[in-house]
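[1] mind looking at a prediction? Sequence and model below.
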Amino acid sequence: MSSTITNNDLNIILTAAPDFKRLKAAGSSDKAWQETLLLFLHVLYQQGFVLSFDWQAEFAGKEKDLADVGALRVMGLEGVRKVLTAHIRMDRFCEGHLNSIAESGYLEQLVERLNVLRV
């Protein structure tokens with residue numbers, strides 16, 4: 001299921017991470033916002049960060065875990081990968097989901113957790 005993510009991978013991902021405060025100010029309908037978010041997603045896939053697993057089964061009945069910022073503070077790398085993968089997959093079913101979690105600050109918190117987990 002999982003490939004190993006190295007510190008180099010995390011460095012590349014974190015370098016590609018959007019400036020969420022600037023993006024929030026621009027608003028999710030801004031073309032630059034969309035392009036920046038798509039570039040970030042591309043880097044996540046390119047670095048092998050997005051997992052292939054049954055995310056629907058994994059989070060069935062645990063939807064609140066996908067929005068719990070407090071849980072992020074203690075989550076390990078594999079947990080962050082699973083949660084972020086689930087949100088990316090959810091965006092396929094509900095267009096604008098990633099915009100929503102970016103605007104709420106949750107996506108920024110996920111990225112911040114990656115920064116903490118980087119050794």
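    Good, I have the coordinates. Numbering: from 1, shown residues only.
[2] need phi/psi at residue 50.
    Dihedral angles of residue 50 (phi, psi; degrees, to the nearest 10) stand at phi -80, psi 130.
[3] and it, what is it in contact with?
    44, 81, 84, 85, 88 (Cβ atoms under 8 Å, 6 or more residues apart in numbering). C-betas here are computed from N, CA, C, even on glycine.
[4] and if we set it to 10 Å?
    By Cβ atoms under 10 Å, 6 or more residues apart in numbering, the contact list for residue 50 reads 3, 41, 44, 81, 84, 85, 88, 89.
[5] repeat that for residue 106.
    Residue 106 sits in contact with 66, 67, 68, 69, 72, 83, 87, 98, 100, where contact means Cβ under 10 Å, 6+ apart.
[6] the last one contacts residue 37, correct?
    Right, the one you point to is residue 100. No. If you go by Cβ atoms under 10 Å, residue 100 and residue 37 don't touch, sitting 11.5 Å apart.
[7] which of the two has more neighbours?
    Ranked by neighbour count (other Cβ atoms under 10 Å), residue 100 and residue 37 place residue 37 first, with 18 against 15.
[8] buried only: go through the contacts of residue 106 for me.
    66, 72, 83, 87, 98 (16 or more other Cβ atoms under 10 Å).
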